[in-house]
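Visitor: build me a model from this:
(2 chains)
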Protein chains: 2
Amino acid sequence: MNEFHNKNKSQIANLPIGIFDSGVGGLTVYRALHNRLPSERFIYLGDTARVPYGTKSLTTVERYAIENSQFLAARGIKLLVVACNTASALALPKIRAQIGIDVVGVIGPGARKAVAVTQSEKNPKIGVIATEATVSSNAYAVSIKQASEAAEVLQIACPLFVPLAEENWTQETETFSIAKKYLNKIIEFAPNALVLGCTHYPILREVIQQTVGFNVTLIDSGEATAEEVEKLLREKGLANTKQISYNRGRRLCDDLDHFYVTDAAERFARVAERFLGSQPAKLEAIEVFGIDKLK
Amino acid sequence: MNEFHNKNKSQIANLPIGIFDSGVGGLTVYRALHNRLPSERFIYLGDTARVPYGTKSLTTVERYAIENSQFLAARGIKLLVVACNTASALALPKIRAQIGIDVVGVIGPGARKAVAVTQSEKNPKIGVIATEATVSSNAYAVSIKQASEAAEVLQIACPLFVPLAEENWTQETETFSIAKKYLNKIIEFAPNALVLGCTHYPILREVIQQTVGFNVTLIDSGEATAEEVEKLLREKGLANTKQISYNRGRRLCDDLDHFYVTDAAERFARVAERFLGSQPAKLEAIEVFGIDKLK
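Guide: This next block holds a predicted model:
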C-alpha cells in the first residue's frame, strides 16, 4: 500500500485493474470490463483451488476474499473488482477494511442498474436469479430496496445453471426445459427487469431471455459493474489515457492482461475458451495455502 | 499410530471405520458400508470446504487426501475407506505411504466387481460413467484391465449428474433427457455391466438403469467397496463382534456414527437428508487450514 501512496496520479492511472472470482465465472465480468474499458489492463485471479464459494460459510468466504484481495493488491492495482457474487454479498466490508484502494462488487451495480431501467414504472418489479448462497444472503434484494423502496423483488435460485454454462449447453433443449422449470415463478411474477445475479448466467443469456420473454430487460451485473467502474475512474481521474498503444489490436485475453489461478490452469484455459472464445495469453498457476503463501 | 499398535486385536476391532470424501457424495458409500456392516461404527469426514476435488490438480488432491486421512487416523480408526473417486484414482499410494492402517478405495472394488459379474461373457464389455477427472485419470480402465485382460472398456463423463443428484431431480424428465444424451454412446457400446464411478450417481440409479436398459448390470462402487471391506475385516479378524448392542435399533446417521465437515454443516445436513432420509445425529464442523489445524 505504501508503494501505491507514493505514486502520483498518472502513475496510478497506469496500474491495472484487479479482478477476482472464485473460479471461471468472473470471466464474464472481465469480458464486460474489457469491452467497456479497452484502454485498461487487468489482472484476474480465479481461486480455482477453493471454488465454489456459494456453498461455504461466511467466515470462510471472508477469509478467501481477503487473501485474494491481498494477492492482487500486492501486485499493484488501482482498483479492485470483486467479480464473485458470493464474495460481493458476504465480504465487501471486510475487504474494504483491509485494502487501501477502491473496491467494487457486482451486486450493488446490478441492483442499481435494475432500478434505473425500471424507474419509469409506477410499481417496478425486479426479478433476481442467482445461486442458492446469493439468494439466501438477500444481498440483491437489500441493494435494490436501498435504491428504490417502491421496487418489488422476487429472487430465485437456479443451481443447475452453473454446470450447464460450464458444459456450454447454451442451445440444448434440456437447458430450455430446465430454464422453464426454474423461471416459472419469475414468469408468473412478470418482472420489468431480471438481474442475472451469477457470473455464469450471461453464458445462458439467450435461453433465459427466450424463456422469460423479450419484454423483460435482462441486467448483466458484470456489464453494470463495468459502467460503474468507468464512471469511478473518470471521477477520480484514474482512467488510463494511454489509449493509442493499448487500443492497437487490443483483444480479450491478450498479453496485456494477466491471469492467475490457484489450481488446474488447464481446465481454466479450456473453460475460458468456451466463455470468451480465446485462451489467456498469460496464465499462471499459483499456490494458495493461507495468506503467507499467497503473498 | 503408536496408540494403534499398542492395542490388542479385540480393542482394534472395536474401533470405528474411517471414511472420507470431498463432500456429500461419499454418503452413498457410507450407506452401503452401514447396510452391509451394521455392527461397525463409522467416522465420516466430508471436506466440504475444498469440494470438488474433480477439477483440482494431482498435487492438490494428494495433499487434501493426506490431510483428511491423518485427521481420521488421529481419531483412532481400524481401516480407512477413501470414498472419493478422484482421491481413490489419484492419491491411494500417497495415503498408504502415510497411514499405518489398511486403506480401501472405491475404484478397485468397483472395477473387480464389474469383472466378476461379467466373467461368464466371452467378450465382456464394461461401461464406466464418472466425473471428467476420474475418466481422465483412466483409473477404472486400468483397474478393470488388471482384473481381466479380455474386458473391453468404455468410459464416459457425465458432469451434470452431480448437480442433478444434489438437486434431487431423480424423477424429472430433464434428468432422463440428459441421461439419454450422456449415455448414448454407452447404449451403442451395449455393455454387460456399467460401473457407477462417482459417489453421487447411485442417487440417479433408477434413471440410469431405465436409460441403459435392464439387461445391463449396474455396479455401485460403494456397494462393491462395502463387500471388500467386509471380507478384509473378516480375514484380519478385525470385524466388530459386539453385534447385539450395536444391532439394537441401528439406523443410518444414528449417534454411533460421527460426521465431520470442514465447512457449511447445515448444507451437508440438508443434502444428507435428501440422500439418506435422515440427518446425522452427530455432525461437527471442523476448521481445515493445513495439516496443523486438521489435527
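Visitor: which phi and psi does the spatially most central residue of chain A have?
Guide: The C-alpha lying nearest the average C-alpha coordinate of chain A belongs to residue A:83 (CA atoms, centre = their mean; 2.8 Å). Main-chain dihedrals, residue A:83, degrees, to the nearest 10: phi -80, psi -20.
Visitor: the closest residue to it other than its chain neighbours and chain B, how far apart?
Guide: Spatially, and ignoring its direct neighbours in sequence, residue A:83 is nearest to residue A:26 (3.2 Å; CB to CB, 6 or more residues apart in numbering or on different chains). All C-beta spots, glycine's among them, are computed from the backbone N, C-alpha and C. Relative to chain B, residue A:26 is positioned 16 Å away (CB to the nearest CB, to the nearest Å).
Visitor: need the contact list for residue A:26.
Guide: Going by CB atoms under 8 Å, 6 or more residues apart in numbering or on different chains, residue A:26 touches A:19-20, A:44, A:46, A:83-84, A:199.
Visitor: need phi/psi at it.
Guide: Backbone torsions for residue A:26, taken as degrees, to the nearest 10, come to phi -60, psi -10.
Visitor: quick one: pLDDT of it?
Guide: Note on residue A:26: pLDDT of 97.
Visitor: how about the contacts of residue A:26 in a markdown table, adding secondary structure and pLDDT?
Guide: Output for the contacts of residue A:26, formatted as a markdown table (DSSP: H, G, I helix; E, B strand; the rest coil; pLDDT from 0 to 100):
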| residue | secondary structure | pLDDT |
| --- | --- | --- |
| A:19 | strand | 98 |
| A:20 | strand | 97 |
| A:44 | strand | 98 |
| A:46 | strand | 96 |
| A:83 | coil | 98 |
| A:84 | coil | 96 |
| A:199 | coil | 95 |
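Visitor: for the residue lying closest to residue A:41 once chain neighbours are set aside, give me its contacts.
Guide: Closest residue to residue A:41 apart from its sequence neighbours, by CB to CB, 6+ apart: residue A:16 at 3.9 Å. By CB under 8 Å, 6+ apart, the residues touching residue A:16 are A:40-43, A:76-78, A:257-258.
Visitor: get me the contact residues on the stretch 151-295 of chain A for chain B.
Guide: Within the stretch 151-295 of chain A, the positions adjacent to chain B are A:159-160, A:162-164, A:166-167, A:172-174, A:177-178, A:181, A:263-264, A:267, A:285, A:289-290 by CB under 8 Å from any CB of the partner chain.
Visitor: could you dump the contacts of residue A:26 to TSV with distance to residue A:251?
Guide: TSV is the format used below for the contacts of residue A:26 (distance: CB to CB, whole Å):
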residue	distance to residue A:251
A:19	17
A:20	22
A:44	15
A:46	19
A:83	20
A:84	25
A:199	21
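Visitor: for these, which one is nearest residue B:137?
Guide: Proximity of the contacts of residue A:26 to residue B:137 (CB to CB) peaks at residue A:46, which lies at 22.7 Å.
Visitor: for the nearest residue to that closest one once chain neighbours are set aside, name its beta-bridge partners.
Guide: What sits nearest to residue A:46 in space, not counting adjacent residues and going by CB to CB, 6+ apart, is residue A:261, at 4.6 Å. Here residue A:261 sits in beta bridges with residue A:46, residue A:285, going by DSSP bridges.
Visitor: helices of the stretch 1-150 of chain A, residue ranges please.
Guide: Counting by DSSP state H, counting those that start in this stretch, the stretch 1-150 of chain A has helices at residues A:2-6, A:9-13, A:27-36, A:58-74, A:85-98, A:107-117, A:132-137, A:139-147.
Visitor: can you give me the angle the fifth one makes with helix A:107-117?
Guide: Put plainly, it is helix A:85-98. 120 degrees (axes from the mean of the first three to the mean of the last three CA atoms, to 10 degrees).
Visitor: tally up the residues packed near the spatially closest residue to residue A:150 that is not a sequence neighbour, please.
Guide: Closest residue to residue A:150 apart from its sequence neighbours, by CB to CB, 6+ apart: residue A:124 at 6.1 Å. By other CB atoms under 10 Å in any protein chain shown, 20 other residues sit near residue A:124.
Visitor: and the pLDDT at residue A:10?
Guide: 86.
Visitor: select only the buried ones of the residues of the stretch 151-295 of chain A next to chain B in ChimeraX?
Guide: Buried subset of these, written as a ChimeraX selection, criterion 16 or more other CB atoms under 10 Å in any protein chain shown:
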select /A:159,160,162,163,164,166,167,172,174,177,178,181,263,264,267,285
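Visitor: chain center to stretch A:65-80: distance?
Guide: Mean-position distance between stretch A:65-80 and its chain equals 15 Å (CA atoms, centre = their mean, to the nearest Å).
Visitor: now check it, is it near chain B?
Guide: No - using CB under 8 Å from any CB, stretch A:65-80 stays clear of chain B, coming no nearer than 11.2 Å.
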